[in-house]
Every structure is written in C-alpha cells, then in structure tokens.
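Asker: Sequence first, predicted coordinates after that:
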Amino acid sequence: MDKNLCFQLGYIERSHGLDGSVLAVFDADDATRYLKSEAFFVERKSQLVPFLVKRISHAKGDRFIIHFEGIGNDTAAQELKGSTLYLPETALPKLKAGQYYFHELVGTQVVDQHMGPLGTIAEVYEFPHQTLLGMNWNGSEILIPVHDDIVKRFDRAQNQLHTVLPEGLVDVYLQPAETQPHEN
C-alpha cells in the first residue's frame, strides 16, 4: 500500500499477554470507530505491511488490544512494539464543508491575507492544549497556531491554507537571536 494514500492511526505500544496480542494506541477523535477494522497496515522496515485482525477490543481511553492473524505468541508480538499503524484514507469519516484533517496540510502552501504567499507546511505538532503548524519559509521554521482567528480556510483544489497571521509573528522567527554578554 502506498503510504501517501494512508493516514497514521496510531502505534503499537507493547505486547499484551502471551497469546500474541498487542496494546495499540489510536490517535483519533473517536477511536472506537475503528473497532470493526478487519486489517491494519503496520510499518515494517519503511514498508506498509497488511495485518489481518483476528480480534480487537477497547482497553481504556485511546488504547486497544489487537490480536493479528499469524501472531501467535508474545515473542512475535514484541517484534511489533513501536510499529506505526496506518489505514487507507478511505477509512476516514467524511468531513463537512470547510473541515480538514491535519495530515492533509503537510505540503500545503500558506497564503496570508496581508503577506501573500509564504512557505509550505512541513510538520503538524499536536500538543494537549495547542496544535501548531510548522511552516518552512526562507530557511526558518515558523510555528503557526491552529486557531479560527488565524487559520481561515483550506483550499484542497489549490493546495493552499489561507491565514491571517498575527502582526509580528513571522518577524519573531526571522530576527537573529541576541547574543548574551559573556561573564569573565
């Protein structure tokens, strides 16, 4: 499966028990929607390998116990520890007009209302209380907070993210760091 046609759902945290089950962490708003998945793609040596699901159950919070076909003991399950889980983008729920998934923004050009075309989004940083978009521009990374007052709309057809950046935000990242006086 082509990784560009998939989204990262989560990762395998560790083995679970002795029967070959694993404990997986899903990063999704409603992770329980994936309880009926018949297969996942597991990243192994930079390749996505399909693994059929024998059974899956919700453990707690964002954690799920998965038993894959062909993984019959703890040793085999431990080899999957740390592996990333993917699903095809077609497994994502349909969005309402104006909505987008964060992974869609990577590679998107930022067009600001006041500054015009800027750089491209290279990374999405998700923190508990804030999501930031890492934009590459003129050799610097500029962090853009994801907020309704700043990120106005995503144009899929043009692959552009329209923003209204706060005054001075870009300047903060482009100014050279002031050198501190050295004590002798």
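Answerer: Ah, there it is. Numbers count the residues shown, from 1 in each chain.
Asker: Any regions of the chain where pLDDT drops low?
Answerer: For the chain, the stretches flagged by pLDDT under 70 are 176-184.
Asker: which residues in it form helices?
Answerer: 74-78, 102-105, 169-174 (DSSP state H).
Asker: Give me the contacts around the shortest one.
Answerer: Contact with helix 102-105 is made by Phe7, Gln8, Ile121, Val124, Glu126, Thr131, Leu133, Val146, Phe154, Arg156, Leu161, as judged by Cβ atoms under 8 Å, 6 or more residues apart in numbering. In this view, the C-beta of every residue, glycine as well, is placed from N, C-alpha and C.
Asker: next one: the last one
Answerer: The list of residues contacting helix 169-174 from outside it, by Cβ under 8 Å, 6+ apart, reads Met115, Leu118, Trp137, Asn138, Ser140, Glu141, Ile142, Leu143, Ile144.
Asker: Looking at those, which are in strands?
Answerer: Using DSSP state E, the subset of the contacts of helix 169-174 located in strands is Leu118, Trp137, Ser140, Glu141, Ile142, Leu143, Ile144.
Asker: Buried among those? Make that a ChimeraX selection.
Answerer: Burial among these is assessed by 16 or more other Cβ atoms under 10 Å; the matching ChimeraX selection reads:
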select :118,137,142,144
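Asker: any idea which of the ones in strands among the contacts of helix 169-174 is closest to Lys96?
Answerer: Ile144 (22.6 Å; Cβ to Cβ).
Asker: Grab the longest strand from the chain for me.
Answerer: Assigned via DSSP E, the chain shows its longest strand as strand 47-60.
Asker: Let me see the ranges of the strands in this protein.
Answerer: According to DSSP E, the strands that the chain contains are 6-16, 21-26, 39-44, 47-60, 63-68, 84-88, 109-112, 116-126, 131-137, 140-145, 151-155, 160-163.
Asker: would a markdown table of the contacts of helix 169-174 with distance to Ile150 be doable?
Answerer: Compiled in a markdown table, the contacts of helix 169-174 are given as follows (distance: Cβ to Cβ, whole Å):
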| residue | distance to Ile150 |
| --- | --- |
| Met115 | 13 |
| Leu118 | 13 |
| Trp137 | 15 |
| Asn138 | 20 |
| Ser140 | 18 |
| Glu141 | 16 |
| Ile142 | 12 |
| Leu143 | 11 |
| Ile144 | 6 |
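Asker: count of residues packed around Arg153?
Answerer: Other residues near Arg153 come to 11 when the count uses other Cβ atoms under 10 Å.
Asker: tell me the contacts of it?
Answerer: Counting by Cβ under 8 Å, 6+ apart, Arg153 touches Gly98, Leu161, His162.
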